[in-house]
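Asker: sequence plus predicted model, see below.
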Amino acid sequence: MQSRARWATKIGMILATAGAAVGLGNLLRFPVQASQHGGGAFMIPYFFFLFIMGIPMMWVEWTIGRMGGKYGHGTAPGIFNLLWSHPLSRYLGVLGLVTPLILCMYYLYVCSWTLAFSFFSLGKLYYGLNDLESMKDFLQSFQGVKKGYFQSILPAYLFFLVAFFANFFIMYHGLAKGIERLCKLAMPTLFLVAILLIIRSLTLGTPDPNHPERSALNGLGFLWNPNFSELKNADTWLAAAGQIFFTLSLGLGTIHCYASYLREKDDIVLSGLTVTSLNETAEVILGGSIAIPAAVAFFGIEQIAQGGAFDLGFLSMPLVLSRLPFGEFWGFLWFILLFFAGLTSSVSIIQPFVSFLIDELKLPWKRAVIFTAIAVFIPTHLVIFFLKYGFLDELDFWIGTVGMPLFGLIELILFAWIYGIDKGFKEMHRGALLTVPKIYCFILKYITPTCLFIIFCVWIWQSGLKLFLLKGIPERDIPYRLMARGLILISFLICVFLVHFAWKGKKNEA
């Protein structure tokens, strides 16, 4: 039996796990969510859910991950089987393989856009575009959605190849020499670049004298001055809870996979809290202090609220930065910041499937990486070439809106109710440098799963039934949406077969 890989250093492990959590959502999704839900008012439920859902769930994923690693399991099928010794448990864990595998198929492609736009900034390719509509045409032309500035999808495909091979080159070199080494370099660089962009963003002043209300300081003030009437809006609370869940990469299978490479008595309480703090710093301080002040100074808060995360990252910010002195330099920094955030997250998304092949099917590390690369590379072409038909959106709905909260709810029930909160709390404190307040036993058993259940139900009620029945979807898109569902189903069935095959082999060995 081959020995499992281990983190080389504690700081490397912390930075890698923080890198898994810090992604495009911190820098793009958070500012949009805050803008749409009252700015400062949004921050009140945001921090409330951080303490009753985000931090406790982070501790749970670290706990079950380390426990799984002790017995040679780094992914949900094996870990769930430890929490509940029933054959069904490992098949529930299939969700922890399919979710990151499908996510990887489109996250890598989106990550490649940030790399492309960093070069476009240096080359001033989008300079001369004066409004958001023109910038949108430029982006869609690059994506192959429409003809225009680019005559084919070839540039987008070439940048995808670069991002894809960069990810798997890092993975090929292993845990310590690949992922850990990347994050030791990328995470400090990310924070340094972000600080430079914050300084530039906060010194924008009031670019347009005709709109004195549009200033960088007003943008920053919007984030921290609450309008308490917004707290009466249930959507504000729901959005804040959802953002906490997504920003920490919970329910994805990546955190407990990374934690499985810890040693039996390595601290997880302080480490989990440190990773959460780094993530929140990146999101609230960095994400909130770059995009919101800059976009408010040039377009006003309404423009951010009306658009989505992609609009902010690929439309508003390039236009803002291109109007500044040395704009190509600032544009390059913005997109390279996004690329580093995406890269440290994407390698973590790849890791669960690689770990499953190594731990349960006994493949060598490098062969597992090559197998995973093939499994991701081929179906990603469907995302690339069918983007304009909503293929990516369909995958994102089932993985992000359905898969992640459902998986999080399952693992929480297994930990707190079936394995037992007292046993779980004892395992959490093995080697701990801090003591978790006893109140979190109650929170983890009752409050956190209730919050997750409500989030899941409301999301399904608000958009799930409509999307499930394909209502409001253009007729030309329906075959491609069904194809996306077929890809998820086939991936799920393959993972079920692999889990069955792995445990059948274990029985034969026994």
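Answerer: Yes, it's here.

Asker: where does the protein dip in pLDDT?
Answerer: Low-confidence segments of the chain (pLDDT under 70): 1-2, 303-309, 463-464, 507-510.

Asker: just to check, Ala186 is in contact with Gly19?
Answerer: Yes - under the criterion of Cβ atoms under 8 Å, Ala186 makes contact with Gly19 at 6.5 Å. Glycine gets a C-beta too; all of them are placed from N, C-alpha and C.

Asker: overlap of the contact sets of those two?
Answerer: Thr344 (Cβ atoms under 8 Å, 6 or more residues apart in numbering).

Asker: Gly420 and Ala432, how far apart?
Answerer: Distance of Gly420 to Ala432, computed by Cβ to Cβ, to the nearest Å: 18 Å.

Asker: more neighbours: which of those two?
Answerer: Ala432 (17 against 14; other Cβ atoms under 10 Å).

Asker: give me the nearest residue to the more buried one, chain neighbours excluded.
Answerer: Val269 (4.2 Å; Cβ to Cβ, 6 or more residues apart in numbering).

Asker: then Gly39?
Answerer: Phe222 (4.1 Å).

Asker: cool, Cys441 as well?
Answerer: Cys441 sits nearest to Ile421 (Cβ to Cβ, 6+ apart), 5.1 Å away.

Asker: now do the buried residues in the helix or strand containing the one you found.
Answerer: Using DSSP states H and E, Ile421 sits within helix 421-428. For helix 421-428, the neighbour count (16 or more other Cβ atoms under 10 Å) marks Ile421, Gly424, Phe425, Glu427, Met428 as buried.

Asker: tell me the gap between it and the middle of its chain.
Answerer: 27 Å (Cα atoms, centre = their mean, to the nearest Å).

Asker: hey, C-alpha coordinates of it in CSV?
Answerer: Extracted in CSV, the C-alpha atoms of helix 421-428 (Å, rounded to 0.1, in the frame of the first residue of the first chain):
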residue,chain,number,x,y,z
ILE,A,421,-22.0,15.6,17.6
ASP,A,422,-20.2,14.6,20.8
LYS,A,423,-17.9,12.2,19.0
GLY,A,424,-17.4,14.8,16.2
PHE,A,425,-16.6,17.5,18.7
LYS,A,426,-14.0,15.3,20.4
GLU,A,427,-12.4,14.5,17.0
MET,A,428,-12.4,18.2,16.2
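
Asker: report all helices and strands that the helix or strand following it contacts.
Answerer: Per DSSP H and E, the first helix or strand lying C-terminal to helix 421-428 is helix 439-442. Under the contact definition 3 or more Cβ pairs under 8 Å, 6 or more residues apart in numbering; DSSP states H and E, helix 439-442 sits against helix 421-428.

Asker: number of residues surrounding Ala21?
Answerer: 28.

Asker: contact partners for the residue nearest to Cys441?
Answerer: Phe415, Cys441, Leu444, Lys445.

Asker: swap the cut-off to 7 Å and go again
Answerer: Residues counted as contacts of Ile421 (Cβ atoms under 7 Å, 6 or more residues apart in numbering) are Cys441, Leu444, Lys445.

Asker: same check, this time on Val347
Answerer: Val347 neighbours (Cβ under 7 Å, 6+ apart): Asn167, Ile170, Met171, Ile179, Leu182.

Asker: hmm, the third one is touching Ile350, no?
Answerer: Yes - at 5.6 Å, Met171 counts as touching Ile350 under the criterion of Cβ atoms under 7 Å.

Asker: can you pull out the helices in the stretch 1-150 of the chain?
Answerer: Counting by DSSP state H, counting those that start in this stretch, one finds helices in the stretch 1-150 of the chain at the ranges 10-21, 24, 30-36, 40-49, 55-70, 76-83, 87-92, 95-122, 132-143.

Asker: rebuild those helices as TSV, extending it with distance to Gly205.
Answerer: What follows is the helices of the stretch 1-150 of the chain, written out as TSV (distance: least, Cβ to Cβ, whole Å):
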stretch	distance to Gly205
helix 10-21	33
helix 24	28
helix 30-36	20
helix 40-49	22
helix 55-70	37
helix 76-83	50
helix 87-92	54
helix 95-122	22
helix 132-143	22
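
Asker: using JSON lines, lay out the contacts of Ile421 together with distance to Phe49 and neighbour count.
Answerer: JSON lines is the format used below for the contacts of Ile421 (distance: Cβ to Cβ, whole Å; neighbours: other Cβ atoms under 10 Å):
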{"residue": "Cys441", "distance to Phe49": "19", "neighbour count": "16"}
{"residue": "Leu444", "distance to Phe49": "14", "neighbour count": "25"}
{"residue": "Lys445", "distance to Phe49": "17", "neighbour count": "19"}
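
Asker: OK, contacts around the closest residue in space to Phe456 that isn't next to it in sequence?
Answerer: Ranked by Cβ to Cβ, 6+ apart and with sequence neighbours excluded, the top spatial neighbour of Phe456 is Pro405, at 4.4 Å. For Pro405, the contact set (Cβ under 7 Å, 6+ apart) comprises Phe245, Gly251, Leu452, Ile455, Phe456.

Asker: so what does the second one look like in phi/psi?
Answerer: Torsion angles at Gly251 (phi, psi; degrees, to the nearest 10) stand at phi 70, psi 20.

Asker: measure it to Gly242 for me?
Answerer: In terms of Cβ to Cβ, Gly251 sits 11 Å off from Gly242.

Asker: again with the last one
Answerer: Phe456 is 10 Å from Gly242, where distance means Cβ to Cβ.

Asker: got it, and the fourth one?
Answerer: In this structure, Ile455 lies at 6 Å from Gly242, with Cβ to Cβ as the measure.

Asker: okay, these two: which has more neighbours?
Answerer: Between Ile455 and Gly242, counted using other Cβ under 10 Å, the more crowded position is Ile455 (23 against 20).

Asker: check which helix or strand covers the residue nearest to Leu220 when sequence neighbours are not counted.
Answerer: Nearest residue to Leu220, sequence neighbours excluded (Cβ to Cβ, 6+ apart): Pro293, at 5.0 Å. Element membership for Pro293, per DSSP H and E: helix 288-299.

Asker: show residues contacting that helix.
Answerer: Residues outside helix 288-299 that contact it (Cβ under 7 Å, 6+ apart) are 27, 30-31, 34-35, 194, 197-198, 201-202, 204, 206-207, 214-216, 218-220, 222-223, 303-304, 312, 316-317, 320.

Asker: quick one: it to chain centroid distance?
Answerer: So, by Cα atoms, centre = their mean, the centroid of helix 288-299 is 22 Å from its chain's centroid.

Asker: now swap in stretch 452-470 and tell me
Answerer: Relative to its chain's centre, stretch 452-470 lies at 20 Å (Cα atoms, centre = their mean).

Asker: please save the CA atoms from that stretch in CSV.
Answerer: Taking C-alpha atoms only, stretch 452-470 is exported to CSV below (Å, rounded to 0.1, in the frame of the first residue of the first chain):
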residue,chain,number,x,y,z
LEU,A,452,-28.8,25.1,4.7
PHE,A,453,-32.1,23.5,4.3
ILE,A,454,-33.9,26.8,4.0
ILE,A,455,-31.3,28.1,1.5
PHE,A,456,-31.6,24.9,-0.6
CYS,A,457,-35.5,25.0,-0.6
VAL,A,458,-35.8,28.7,-1.4
TRP,A,459,-33.3,28.5,-4.3
ILE,A,460,-35.1,25.5,-5.7
TRP,A,461,-38.5,27.3,-5.3
GLN,A,462,-37.2,30.6,-6.8
SER,A,463,-35.5,29.3,-9.9
GLY,A,464,-35.2,25.5,-9.7
LEU,A,465,-38.7,24.5,-10.8
LYS,A,466,-38.7,27.0,-13.7
LEU,A,467,-35.3,25.9,-14.9
PHE,A,468,-36.0,22.2,-14.4
LEU,A,469,-39.0,22.5,-16.7
LEU,A,470,-36.9,24.7,-19.0
